[in-house]
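Enquirer: Below are the sequence and a predicted model for it; my questions follow.
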Amino acid sequence: MELRDKVVVVTGGASGIGAGLCRRFRDEGVRGLVIADLNGDAAAALAAELGGKSHAVNVCDETAIAALVAETEAEFGQVDLFCSNAGILHLDGGDYWATSSPNDVWQRNWEVHVMAHIYAARACLPDMIRRGAGYFLHTVSAAGLLSQPYTAAYATTKHAAIGFAESLAISHGDDGIKVSCLCPQAVDTAMLGGSDGGSAGLDGILSPEQVAEAVVQGLAEETFLILPHEQVRQYHLNKAQNYDRWIGGMRKLRRNMRPPTLP
Ligand SMILES: NC(=O)c1ccc[n+]([C@@H]2O[C@H](COP(=O)([O-])OP(=O)(O)OC[C@H]3O[C@@H](n4cnc5c(N)ncnc54)[C@H](O)[C@@H]3O)[C@@H](O)[C@H]2O)c1
């Protein structure tokens, strides 16, 4: 997809990777830029700077997502690219068992990382299918392909995000719908809070601008996976080739890492 003259919505657009995408999309010449975020003030400030529209939206609220899409379609005629990017990160906490996070943390991760993507697709698909064109960019994580020590709720729901994106691509590719999953390792955002990113930071911490560059390239090539850290491709192949060996490697990685310190 070429971004020039397109109408783009970015959730979690007020900060970090989302803000990096918004800046880059503006530079690419989109005709409509809609920045949606729980933090409505930050979204409004960035929209004022970039010449976009802002919405204070909780992506877990299906009614709010439907209204966001309906208002965008009413104002710009269509949504060409919907970027489901909002995300949250919790460490397992306590004794760092895979089950340590309380149920409300699991539930919130499920809602932000999976249901929000479903709500966006449900709202956008009718018009996209009618037009025979539309694109979903899901910000997932390398943790959605490769898991991640000490963050079971995050890694599990990011895997589920990949699962839904696959279903979306398989079910609606013939309708002209494109899907990409953005799967970086560590990126220098508020989510990392100045930490070294733990295991996610071992291959280096990218800037949101570097991630946005990889996204523009990935959207142009229309690849399902967009991997700003190129190493992830080989790790993913290693996992597919020998799952047991890969689990052993991840256990070793976990043993050798202390839990990262996050804000
Ligand atoms: N930073 C990393 O190292 C890294 C690595 C891989 C994937 N990711 C993913 O990138 C995406 C963006 O994260 P980031 O690193 O830019 O973090 P960030 O904290 O800078 O930005 C996340 C944004 O999402 C918004 N948000 C959170 N919950 C929301 C909700 N319920 N409704 C609407 N907005 C909500 C926040 O207000 C914030 O503006 C997330 O999906 C994250 O999982 C981040």
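Expert: Happy to help now that I have it.

Enquirer: going forward, measure contacts and count neighbours with C-alpha atoms only.
Expert: OK.

Enquirer: Ala14: neighbour count?
Expert: Residues lying near Ala14 (other C-alpha atoms under 10 Å) number 28.

Enquirer: Now do the same contact list for it.
Expert: Residues counted as contacts of Ala14 (C-alpha atoms under 8 Å, 6 or more residues apart in numbering) are Ile35, Ala36, Asp37, Asn39, Ala42, Ala43, Leu46.

Enquirer: Report how many residues lie close to the closest residue to the third one other than its chain neighbours.
Expert: Read that as Asp37. Nearest non-adjacent residue to Asp37, counting by C-alpha to C-alpha, 6 or more residues apart in numbering: Gly12, 4.7 Å away. Neighbourhood size, Gly12 [other C-alpha under 10 Å]: 27.

Enquirer: Hmm, Gly12 is touching Asn85, no?
Expert: Yes. If you go by C-alpha atoms under 8 Å, Gly12 and Asn85 touch, sitting 5.5 Å apart.

Enquirer: residues shared between the contacts of those two?
Expert: With C-alpha under 8 Å, 6+ apart, Gly12 and Asn85 have common neighbours Gly18.

Enquirer: Glu213 and the ligand: what is the separation?
Expert: Distance from Glu213 to the ligand, counting by C-alpha to the nearest ligand atom, to the nearest Å: 15 Å.

Enquirer: where does that residue fall, helix, sheet strand or coil?
Expert: Assigned by DSSP: H, G, I helix; E, B strand; the rest coil, the conformation of Glu213 is helix.

Enquirer: try the one 3 residues further on
Expert: Secondary structure state of Val216, per three-state DSSP, is helix.

Enquirer: circling back: and the gap between the residue nearest to Asp37 and the ligand?
Expert: Distance from Gly12 to the ligand, by C-alpha to the nearest ligand atom: 3 Å.

Enquirer: per-residue pLDDT, that residue?
Expert: On pLDDT, Gly12 comes in at 98.

Enquirer: what's the answer for Arg255, then?
Expert: 89.

Enquirer: Show the secondary-structure elements that the strand or helix carrying it is packed against.
Expert: According to DSSP states H and E, Arg255 maps onto helix 243-256. Under the contact definition 3 or more C-alpha pairs under 8 Å, 6 or more residues apart in numbering; DSSP states H and E, helix 243-256 sits against helix 231-241.

Enquirer: what's the helix it packs on in contact with?
Expert: For helix 231-241, the external contacting residues (C-alpha under 8 Å, 6+ apart) are Ala142, Leu145, Leu146, Gln185, Asp203, Leu227, Arg245, Trp246.

Enquirer: you'd agree the fourth one is in a strand?
Expert: No. When classified by three-state DSSP, Gln185 is found to be coil rather than part of a strand.
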